[in-house]
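Participant: fold the stuff below for me.
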Amino acid sequence: MAPFFLQGVTLCGSKMTKKPHRLTTIIILLLVVATAGATVLADAADLSLQTDTETPTVAPSTPTVHSTAHIAVLIGDAVIPVGDKAVSEVFVSIRDFEPGVLAVKLDISFDPEIIQVADADRDPSNGTQISPATFFVSSQKVDLNQVDNAMGKISLALSEQGGDPVQRTESWRKVAAITWLAEEEGKSVVSIDRTTQFITSEEQLLEPDETNDGVVFSRAPGAIAGIVELQGKGNHENVLVSASLASARVDRTQADATGRFRIATSHGEGFYTLVATAPGYLSAESDRPIKVTVGTVTEVSKAILLGGDVNNDNCVDIRDLSYIAWRFESYEAEADINRDGQVDILDLSLTAGNFGQCGPTSWEVFNGRD
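Facilitator: Got it, this is the predicted structure:
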C-alpha cells in the first residue's frame, strides 16, 4: 500500500492516472510544514535542556600586577684578608607593586670552606645570626634568623605587623648586613636561592623578578716591606716598625739584624702610616700615606733612625749629651748609643751631630716617587 500522500495516484507503465492536481499540492505543502515543525521542536528541546543545566562557574583570576611592577634582590661584594672580617649588605628594591609586600623570606648560600658568618649578637644560646635591618618601617617582626656555617646557609624572614604593605622603595632598601670571617684564600659566591619569596597582602607567594648575587674574596693580607737602619750601628735589630690605619688597630713587627722588616696589614686595604722606633733613637714616620692592596706587598725606601736620644723623649738635647759625658768610657748600656759595648767618642759624636732634632723625623718612603 502506498504512503498516504501518494494514495490516489496509479502508476502503470508509462501512463499515470491523476486525481485532481489541487489535492496533490496540498499534501506536499502539509509534508513540508510537518518537517519544518519537527525541526523547530527539536531545536526548542535542545534549548530547554541547555536552560535547565547549571551555568558554568569561572575561577577568580589572580590580582593583576601593574606592568611596571618589579621586585629585585642584591647582595654586595666584600674583600677580606685571611683571618679578618668584612661586611656585605643585602638590599631589596620594590617598584610599583600592588597589592604590596607584607613579608620577606631570604635564603642565601655561601662556600663555608672559604668564609664563615660571624654571630651578629654574640649570643651562642640562639645560634649564629646576621644583622637584620628595618625593612618594614611601620612595625617589623623578625620571624626567622638562622645561619648554618657547616652547610653554608642563611635564612632570614621579616614581616610587617602593622598591616602597612610595601608597594615601592626609594631605590634599594637594606634588609640585612652579614659579617664574614675569612677562613682561607679563595672566592665565594654569595647566592640568592630560588626559595627566596615575598608574601603579598593577599597571601600570594612570589619569587623576585631579578637577583644579583654577591662575591666575597678572601685574600692574603697586604704587607709593607722595607729596611730601617740605626745610625752608627752594624746591627739593626730591636727596631719596632708599626703601620696604622685611621680608626683601626695598629699592626707591628720587629726588624731583623739587617734592618729588614715585613709587616702584615691585617685591617685590609687602605692608606697606612708607617712609624719606626728604637731605644736611644729618634722615631721616623712616613712622609705620606702608603696605599696597601690586599694580596700585594708594597716595598718602601730605607729609613735611617738618628741616634742620641738617651732618655727616650724623642728629642736630642743637652740632657742627652750630659748623660753620655758623665758616663764616658763606662759600659752603661743607656749611654752606649751604638751598642758597641763602651761609651766613647763615637757615642758623643753621634749625639752632638743630631743635637736639637726631635722625632718623628721624615721617612721618605718612596724617595720622591709617586
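Participant: Pro112 and Ala150: what is the separation?
Facilitator: Distance, Pro112 to Ala150, using CB to CB, to the nearest Å: 6 Å. Backbone N, C-alpha and C define where each C-beta goes, glycine included.
Participant: more neighbours: which of the two?
Facilitator: Pro112 (16 against 8; other CB atoms under 10 Å).
Participant: ok, now which ones touch the nearest residue to that one once chain neighbours are set aside?
Facilitator: Distance criterion CB to CB, 6 or more residues apart in numbering; nearest residue to Pro112, sequence neighbours excluded, is Gly152 at 4.0 Å. By CB atoms under 8 Å, 6 or more residues apart in numbering, the contact list for Gly152 reads Ser109, Phe110, Asp111, Pro112.
Participant: the residues you listed in strands, which ones?
Facilitator: Cross-referencing those against strands under DSSP state E gives Ser109.
Participant: of the contacts of Gly152 - the most surrounded one?
Facilitator: The contacts of Gly152, ranked by neighbours (other CB under 10 Å): first place Phe110, 25 neighbours.
Participant: my guess is that one contacts Val190. True?
Facilitator: Yes. Phe110 lies in contact with Val190 (CB atoms under 8 Å); the separation is 5.0 Å.
Participant: which stretches of the stretch 201-350 of the chain form helices?
Facilitator: 318-326, 345-353 (DSSP state H, counting those that start in this stretch).
Participant: comparing these, which comes out most buried?
Facilitator: helix 345-353 (a mean of 17; mean count of other CB atoms under 10 Å).
Participant: that one packs against which elements?
Facilitator: If contacts are counted by 3 or more CB pairs under 8 Å, 6 or more residues apart in numbering; DSSP states H and E, helix 345-353 sits against strand 307-309, helix 318-326.
Participant: tabulate the ones you listed (TSV), appending mean pLDDT and distance to Leu74.
Facilitator: Formatted as TSV, the helices and strands packed on helix 345-353 follow (pLDDT from 0 to 100; distance: least, CB to CB, whole Å):
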stretch	mean pLDDT	distance to Leu74
strand 307-309	92	55
helix 318-326	92	61
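Participant: select, out of these, the one closest to Asp143.
Facilitator: With CB to CB as the criterion, Asp143 lies closest to strand 307-309 of those, at 63.3 Å.
Participant: quick one: strands adjacent to that closest one?
Facilitator: Using DSSP bridges, strand 307-309 pairs in its sheet with strand 280-281 (antiparallel).
Participant: nearest to Gly127, of the helices of the stretch 201-350 of the chain?
Facilitator: helix 318-326 (60.0 Å).
Participant: give me the residues contacting that closest one.
Facilitator: The contact list for helix 318-326 (CB under 8 Å, 6+ apart) reads 308-311, 334-335, 337, 343, 347-348, 351-352, 355.
Participant: could you do stretch 181-188 as well?
Facilitator: Here stretch 181-188 makes contact (CB under 8 Å, 6+ apart) with 80-86, 110-118, 215-220.
Participant: go with 6 Å
Facilitator: Stretch 181-188 is contacted by residues 80, 82, 84-85, 110-111, 114-116, 118, 216-218, 220 when judged by CB atoms under 6 Å, 6 or more residues apart in numbering.
Participant: Ala264: which of the residues you listed is nearest?
Facilitator: Nearest to Ala264 out of those is Ala220 (CB to CB; 8.5 Å).
Participant: contacting residues for that closest one?
Facilitator: Counting by CB under 6 Å, 6+ apart, Ala220 makes contact with Val82, Glu185, Gly295.
Participant: drop anything exposed from these.
Facilitator: Burial by neighbour count, judged by 16 or more other CB atoms under 10 Å, picks out Val82, Gly295 from the contacts of Ala220.
Participant: could I get the contacts of Ala220 as CSV with pLDDT and distance to Thr273?
Facilitator: Output for the contacts of Ala220, formatted as CSV (pLDDT from 0 to 100; distance: CB to CB, whole Å):
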residue, pLDDT, distance to Thr273
Val82, 86, 23
Glu185, 89, 27
Gly295, 78, 21
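Participant: could you dump the contacts of Ala220 into CSV with distance to Ser159 added?
Facilitator: Converted to CSV, those look like this (distance: CB to CB, whole Å):
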residue, distance to Ser159
Val82, 38
Glu185, 39
Gly295, 42
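Participant: below-threshold pLDDT in the stretch 1-150 of the chain: ranges please.
Facilitator: Along the stretch 1-150 of the chain, segments meeting pLDDT under 70 span 1-68.
Participant: now do the helices in it.
Facilitator: With DSSP H, counting those that start in this stretch as the criterion, the stretch 1-150 of the chain has helices spanning 21-52.
Participant: can you give me the strands for it?
Facilitator: With strands called from DSSP state E, counting those that start in this stretch, the stretch 1-150 of the chain shows them at 10-12, 15-17, 70-75, 78-81, 85-95, 101-109, 115-117, 131-132, 140-148.
Participant: adding distance to Gly100, write the helices and strands packed on helix 345-353 out as CSV.
Facilitator: Below are the helices and strands packed on helix 345-353 laid out as CSV (distance: least, CB to CB, whole Å):
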stretch, distance to Gly100
strand 307-309, 70
helix 318-326, 76
